[in-house]
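Engineer: Mind looking at a prediction? Sequence and model below.
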Amino acid sequence: MSVTRQPPQTRKSIMQWLPNELLTLATHHATARDLASLCRTAHLMRNLAIPTLYRNVALCNAAQLEKFVRTMSLSPESTESLPLSSYVRQLKMRNGQSPEEMIQGLSLQLISAADSVLGRLSNLEKLELLVFVTTPFIGFLTTAHFPRLANFSYIVRPEAAPFLPEFLHQHRTTITEMSLVAFEPVALPTPIDLPLLHTFCGATSLFPFLNVEAGADALRSVYFMCLSPNERDLDKPLEHLGKAPAVETVVFFSANPVLSDASILETMARYAPNLQSIGFQHLFPCEAIGLTAARALAPHLKKFTALSSLVFSMTESDNEDDEKENKNEMITVELWSEACKTLSKITINGRQWAALKGGRWSIVRRITGIGAIPGLIFDARQY
């Protein structure tokens, strides 16, 4: 009988004593650099680290996109290995925070290669193409299909509009969240039917093409983005909103100073008086809401029957806690709560007020930027 002795380093290794599930969990807490290092070590750790490393991919410049295309095009190491593209679950492409990081001026060849790679991501669950380039990503709209796609975000250009409805219809049984950004009014050739969609974020010009009656029980939150100076007539999208009775939350992101909060609120009250939460986010410097503006909004608030939260989140606001400002805000809050009896939270000029017992109101927290906007998919200010 022969006895085989293991090397000392093998006997002392913790790897042979830990179950694969625990090792996999550990990779979820590792950095991308650490995961890349693990991919070059033992066969076991490589098999555990690779899926985690490529699960979530975020790209913000041309160099990263080029490297991603090159990596996804690599052949599997063996016939038993899966292609790297099968591990990607989330892909985000968006403009960086600084000009040198922005994806723009990409070559037609690179965009074509990226379009081809997108079609290989067979297990993709979230696709975010929020990047403005000279030549938009269109090819994947006609060639790609993602059986698990639940979240889709895309900048819609006029040249891409003809292909968008068919792409979305192929994913009508999986998409639950969608963002369609447009910097100019865009028309689609046919309506969009997504019965499972519960959150829509996008241009007011595109919302009327959404078949809200098909998903009346699913659609709960709508985030309108008025990024074009030509988007001034909100009557049509808000009338369409009234056909979706299950919608509870509506938020307006406006880069158009011509659109007044009072006119928007008046139109919403006419078509969708059952809303529970309304928010406004101005994407331009504006003054804090004073008593004059508050009085102009009060008559429209009377028409809402279930409104509990009203948010005005400014890009710039004065948060100094002086006595005069608090007094004016208190008058505003009392005026609005008297007009709309169902209100329980009001956010104004960077402060959130909450209704207390006995009909009193008090500041419960300070809020900067878009912190008061519930369920927001992404920050529209970067566009």
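Structural biologist: Perfect, thanks for sending it.

Engineer: Which stretches in the stretch 101-250 of the chain count as helices?
Structural biologist: 108-118, 139-143, 164-169, 235-241 (DSSP state H, counting those that start in this stretch).

Engineer: will you turn these into TSV that also has mean neighbour count and distance to residue 128?
Structural biologist: C-beta coordinates here come from the backbone N, C-alpha and C atoms, glycine included. Output for the helices of the stretch 101-250 of the chain, formatted as TSV (neighbours: other Cβ atoms under 10 Å; distance: least, Cβ to Cβ, whole Å):
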stretch	mean neighbour count	distance to residue 128
helix 108-118	17	12
helix 139-143	16	13
helix 164-169	18	15
helix 235-241	18	23
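
Engineer: Turn the ones you listed into a markdown table, columns for distance to residue 260 and mean pLDDT.
Structural biologist: Output for the helices of the stretch 101-250 of the chain, formatted as a markdown table (distance: least, Cβ to Cβ, whole Å; pLDDT from 0 to 100):
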| stretch | distance to residue 260 | mean pLDDT |
| --- | --- | --- |
| helix 108-118 | 40 | 89 |
| helix 139-143 | 37 | 92 |
| helix 164-169 | 31 | 96 |
| helix 235-241 | 14 | 93 |
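
Engineer: would a markdown table of those with distance to residue 130 be doable?
Structural biologist: Converted to a markdown table, these look like this (distance: least, Cβ to Cβ, whole Å):
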| stretch | distance to residue 130 |
| --- | --- |
| helix 108-118 | 14 |
| helix 139-143 | 15 |
| helix 164-169 | 15 |
| helix 235-241 | 21 |
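
Engineer: nearest to residue 250, of these?
Structural biologist: Smallest distance to residue 250 across the helices of the stretch 101-250 of the chain (Cβ to Cβ): 6.9 Å, for helix 235-241.

Engineer: Output that closest one as CSV, restricted to C-alpha atoms.
Structural biologist: Presented in CSV, the C-alpha positions along helix 235-241 are these (Å, rounded to 0.1, in the frame of the first residue of the first chain):
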residue,chain,number,x,y,z
ASP,A,235,-51.9,69.0,-22.4
LYS,A,236,-51.6,65.8,-24.6
PRO,A,237,-49.2,63.8,-22.3
LEU,A,238,-51.2,64.8,-19.2
GLU,A,239,-54.5,63.9,-20.8
HIS,A,240,-52.9,60.6,-21.6
LEU,A,241,-51.8,60.2,-18.0
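
Engineer: Report the distance from stretch 305-313 to the chain centre.
Structural biologist: 21 Å (Cα atoms, centre = their mean, to the nearest Å).

Engineer: same deal with stretch 56-69?
Structural biologist: Worked out by Cα atoms, centre = their mean, stretch 56-69 lies 20 Å from the chain centre.

Engineer: Buried residues of that stretch, list them for me.
Structural biologist: 57, 59-62, 64-66, 68-69 (16 or more other Cβ atoms under 10 Å).

Engineer: Out of those, which is nearest to residue 93?
Structural biologist: Using Cβ to Cβ, the buried residues of stretch 56-69 come closest to residue 93 at residue 59, 4.8 Å.

Engineer: what is that closest one paired to in the beta sheet?
Structural biologist: residue 93 (DSSP bridges).

Engineer: Do a quick rundown of the strands in the stretch 1-150 of the chain.
Structural biologist: Under the criterion DSSP state E, counting those that start in this stretch, the stretch 1-150 of the chain contains strands at 56-59, 90-94, 126-130.

Engineer: now the ones you listed as a markdown table including mean pLDDT and distance to residue 296?
Structural biologist: Output for the strands of the stretch 1-150 of the chain, formatted as a markdown table (pLDDT from 0 to 100; distance: least, Cβ to Cβ, whole Å):
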| stretch | mean pLDDT | distance to residue 296 |
| --- | --- | --- |
| strand 56-59 | 90 | 43 |
| strand 90-94 | 91 | 37 |
| strand 126-130 | 93 | 35 |
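
Engineer: Present the ones you listed as CSV; the columns should include distance to residue 208.
Structural biologist: Output for the strands of the stretch 1-150 of the chain, formatted as CSV (distance: least, Cβ to Cβ, whole Å):
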stretch, distance to residue 208
strand 56-59, 32
strand 90-94, 26
strand 126-130, 22
